[in-house]
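**Q** Compute the structure for the input listed below.
(3 chains)
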Amino acid sequence: MTALAPPAAARATAQSTRTGGRSGSVAWMALPALLIFFAFAVVPLAGVLFLSFTRWDGIGAIHAAGFQSWRSVLTNPGTLHALWVTFLITALSWAFQTPMSLLLGTFLAGHQRYRGVLAVFFFIPLLLSSAALAITYKALLDPNFGLGTGLGVSFLSQDWLGKGPLAVGVLVFVVSWQYIPFHSLLYQAGVRQIPVSLYEAAQIDGAGRLRQFFSITLPQLKYTFITSSTLMIVGSLTFFDIIFVLTAGGPADATRTLALDMYITGFQGNQMGPASAIAMILVLVGLVVAVLLQRLGGRDRSASQLEGM
Amino acid sequence: MDPTTTSRRTFLKVAVGVPLTGAALAACGSSGPTQAGAGGGGGNAGSAGSGTATYWFLSGPPGEAIRQASVNRFNQANPNTKIKATTFQNDAYKAKIKTAIGAGQAPTIIWGWGGGGLKSYVQANQVEDLTSWFAQNPDVKNRLFPSSFGAATVDGKIYAMPAETVQPIVLYYNKKVFDKVGVEPPKTYADILDLVPKFNAQKIAPFSLGGQSRWTNMMWLEFFLMRLGGNKLFDRVMTEKGAWADPDAQKGLQMTQDLVKANGFVKGFSSITADSNADQALLYTGKAAMMLHGSWSYGIQVANGGSFVPSGGLGWMNFPPIDGGKGDPGDTVGNPGQYLSISAKASDEQKNIAKNFFKTQVLSDAENKQWIDTGQVPIVKGTEAELNASKDKDFLNFVYGIASNAKFFGQSWDQAASPTAAETLLDNISKLFQLSISPQQFADNMNKVIGQ
Amino acid sequence: MTSTLRAETEQANEASPGQRRRHSPRNLLHLNWLGGLAAWLWLGVVIVPIYWIVVTSLKSQEVYFAENPLKPPTDITFDAYRLVLQSNFIQYFVNTVIVVVGAVIPVVFFSFMAAFAIIRGGARWHLRATNTLFLMGLAIPLQATIIPIYLVIIKLGLYDTLVAIVLPSIAFAIPLSVLVLSNFIRDVPNELFESMRVDGASEWATLRHLAFPLTRPALVTVAIYQGLTIWNGFLLPLVLTQDPGRRTLPLALWTFQGQYSVNVPAVLASVVLTTLPILVLYVVGRRQLLSGLTAGFGK
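**A** This is a model prediction of the structure:
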């Protein structure tokens, strides 16, 4: 039968021998990535941190301002609201995309002949840029010239981008529309990797289809799930283009995520100091999320699910 | 050598060295270098004074071709110097010009909207003071509309050359729709309120509005305040703390919300954008009866509306007066012009090229003719003959009349105010139209940013 | 060893088509009907906007608002396409390809090496620090750092070059790629590494001959994801280039956005032209793509 991960003792030994005297010849491999990252991400980030302690309108001279920008950002209810909106959109995108991608991926891993054709169509949204998406959806959702009029379905002629909750929903939908094909590709690949023997064994044991799905498919998809969720959540945090061109943070501030709040404060409101503070908050949030995700991914050191098979 | 130690040492050396260099770079960069592109910027704002000036402006019709043509004419007439033009899309331009100016990489000639944006450049010492130049060249100054200089002036000094066209906000209406419903165009605001239920009963939207674009909503508030409280109130609300609490201002805010509640605007207006022309399409397809929009909309309706405009379907007027209001009914609001500034960081040679360009080619007769052909009025006095020769003479004469007769031509708030205040204003206006804040809250919110 | 779904189906596909059905593990895939329903529904959802894009790109600007948006045009006009192709479109396309290829290859390569070092290098502090640094970089908003990046690029004399777009793109793609790749490398059974070491292989050889083939799915995933992100990125090209000859496709879309209005059919025509080549690439390379993604441990 399937052997489980090797016992803890063997694990520990393996780990200590693994680290003994090896790191030297491995560490250099991280250097190229580190160098580029430093020059073009960390150094600018240091610049942003510096700017958060200044008062600057982006055009003139920079004035030192101590904690003024931080104070104004932290006491501004708009910041908390932006944090909430960011969380909301991230959670909703994830909640909508994951089940859909799972279902579609599982389906596409099958052998229906038309599967190939479907896959090609599903892929197209991924190739469209934010500007293209925004123009398309703004036109389709126009209450007078959009889908509602086109199909004659008045339900579709709502004030989609004009009411807060609807706008959030539209945003989540558009993002999902674009990225579900990608994630279903991941799940599709993940499903195809599941050893047939597992299913055969389960069938012999008398497990039904549903049971097999929950006891075999889902657990075996764990790493796909983590990869996919990581991409989704981290991606959502830094969404900017699509929200900016679709709603510009509106209506009012219903879709004003942290990234948008930062851009609007800095580039449109000419307040680079507070904008930089908001940027640092975003970085912090990202760090927290990333640490959580890593814990989730590496919590059981019995890494490989296929070990011993 | 022990590979571990070397690798770790190198690692540490690099890891420490890079941030130090980086910090040095960042520090150098942000204190505003003075050499306009002479040092690092390859191919940027004029390499060290060799007779080339750079000029950035907006791309796209209708203006791009006209601006480029003027540049070409200048280059042909002045073979020893050259102006190199680069174009950018509207939103892209706004981002790019800021980063460029902020990093000391501005082009020689900066295209802009004047007002608050220009003021921020002035405060940062990034643009040339042109007052004395205009004093030395009175013929350049005197041929332009006087009202166009307002937005170019900061603290009594002129920092930009007014250029291009005047763009007041106009009340358009669909004559065919009016005939169909059997009503007359409004003469006062009270007439408008009467018309609203009549159009709604016929399932025609009284007013088209591209609410998602925000500035479209702002036009309404600007006219309300101007008609109710006159041009003084119009100016005060963006410069004086507490001005929004003025009874006339509060009345204007309330009237706005009343009009929204009375279904004066097309259903779902908050989802309609102006830049896709969806709002204008509502008017020329007859789904809406009236629309408040900039004078540039005329050209768009001609281009996209098929036979609508040529067949005489489009009507226009200045925003009607409000009974009991203090404002002059001839006043108007909009863009009094577009503005060209000269970067203070450019070399003397480049500045001279720019001034030469302003003097000889900006709003030349050839350029004016091109503007008139697109259905717009250049800010030059005495063009009546050319206007009358155009196929759009009725509309052009109307705009020319407003611009030259208006005792007061207000610049749109979002351009006149500082960018910080403008952003808050647009934000609050959109909330006002969504009925999610009250006039009092609007006043309180604006109070916090006036003067910033 | 293990036989995966893929291995089985490949075997089955080599057999005659008639036999394929019998060996097909189709009946072992669950919730087929629900998945099928979802797939067809989703197809509808996907197709409508795409259909709209194609149909509208063939209309003229005047007609665009006058007619039912979903109705195919009565007079098909290629004006929009002509306009797009006349406007230097090919150049923008080539530029974008250069940038994407020039960025994705280093991203994948360097991130892979870094992930390998982090996972296999053990608990040394400098590797842990690097890892934390990358984690911190996950959510750096590009818009915030754009001004400092602009300054760095200018100081390096790279302004208005395609390299200027490539370098920061690589930098910002690294954290996520390292995260995904390290998760995968962690998944490789330790015994395999041990056996390589026992055979006296160097770490580099281990990376090349063991980790690389086994991590291929993740490498492909990262390459596609980052490739698409960079393909559609517009802030970096916007701020770091200027000359029209160095524009990339996202900026090209803005050629058709006038000062007051947007030429919608032209914008959509350029969207179609942008998407078509990649679509063709996908159709042609789909098998490879899928096999790249499923090159698991089924050996």
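
**Q** And the pLDDT at the spatially closest residue to C:Thr229 that is not a sequence neighbour?
**A** Nearest non-adjacent residue to C:Thr229, counting by Cβ to Cβ, 6 or more residues apart in numbering or on different chains: C:Ala173, 7.1 Å away. In this view, the C-beta of every residue, glycine as well, is placed from N, C-alpha and C. The model reports C:Ala173 with a pLDDT of 93.

**Q** For the strand or helix carrying B:Leu425, report the contacting residues that lie outside it.
**A** Using DSSP states H and E, B:Leu425 maps to helix B:419-433. With Cβ atoms under 8 Å, 6 or more residues apart in numbering or on different chains as the test, helix B:419-433 has contacts from A:57, A:250-253, A:264, A:268-271, B:116-117, B:120, B:211, B:214-215, B:217-218, B:221, B:238, B:253, B:256-257, B:260, B:269-270, B:413-415, B:417, B:437, B:439, B:442, B:445-446, B:448-452.

**Q** Count the residues that sit near the residue nearest to C:Thr229.
**A** 26 (other Cβ atoms under 10 Å in any protein chain shown).

**Q** same deal with C:Leu281?
**A** Counted with other Cβ under 10 Å, C:Leu281 comes out at 12.

**Q** does it count as helix, strand or coil?
**A** Three-state assignment for C:Leu281 (DSSP: H, G, I helix; E, B strand; the rest coil): helix.

**Q** Tell me where the model's unsure across chain B.
**A** B:1-50, B:452 (pLDDT under 70).

**Q** ok so, going back, which of the contacts of helix B:419-433 are buried?
**A** A:57, A:250-253, A:264, A:268-271, B:116-117, B:120, B:211, B:214-215, B:217-218, B:221, B:238, B:253, B:256-257, B:260, B:269-270, B:413-415, B:417, B:437, B:439, B:442, B:445-446, B:449-450 (16 or more other Cβ atoms under 10 Å in any protein chain shown).

**Q** residues contacting C:Ser60?
**A** Contacts of C:Ser60 by Cβ under 8 Å, 6+ apart are C:75, C:77, C:79-80, C:265.

**Q** in which helix or strand would I find residue 139?
**A** Since no chain was named, I'll use chain A. Judged by DSSP H and E, A:Ala139 forms part of helix A:130-140.

**Q** look at chain B instead
**A** helix B:138-142.

**Q** Can you list the strands that the helix or strand following that helix pairs with?
**A** Downstream of helix B:138-142, the next assigned helix or strand under DSSP H and E is strand B:153-154. Applying DSSP bridges, strand B:153-154 is found paired with strand B:157-158 (antiparallel).

**Q** quick check, distance from the helix or strand just after the strand it pairs with to the centre of its chain.
**A** Next along the chain after strand B:157-158, taking DSSP H and E as the criterion, comes strand B:161-163. The chain centre lies 13 Å from the centre of strand B:161-163; the measure is Cα atoms, centre = their mean, to the nearest Å.

**Q** And the helices in the stretch 251-400 of chain B?
**A** B:278-284, B:297-304, B:348-360, B:365-373, B:384-389, B:393-405 (DSSP state H, counting those that start in this stretch).

**Q** Against A:Leu198, how distant is the residue of chain A positioned farthest from its centre?
**A** Largest separation from the mean C-alpha position in chain A: A:Ile204, at 39.2 Å (Cα atoms, centre = their mean). A:Ile204 is 11 Å from A:Leu198, where distance means Cβ to Cβ, to the nearest Å.

**Q** and if you look at A:Leu74?
**A** Taken as Cβ to Cβ, the span from A:Leu74 to A:Leu198 is 52 Å.

**Q** So those two - more neighbours on which side?
**A** Each of A:Leu74 and A:Leu198 has its neighbours counted (other Cβ under 10 Å); A:Leu198 has more, 19 against 14.

**Q** Would you mind pulling up the elements that the host helix or strand of that one packs against?
**A** Element membership of A:Leu198 [criterion: DSSP H and E] is helix A:196-204. Applying 3 or more Cβ pairs under 8 Å, 6 or more residues apart in numbering or on different chains; DSSP states H and E, one finds that helix A:196-204 makes contact with helix A:209-212.

**Q** how deep is the residue in the stretch 51-200 of chain C positioned nearest to chain A tucked in, by neighbour count?
**A** Using Cβ to the nearest Cβ, C:Ala139 is the residue of the stretch 51-200 of chain C that sits closest to chain A, at 2.0 Å. Residues near C:Ala139, counting by other Cβ under 10 Å, number 26.
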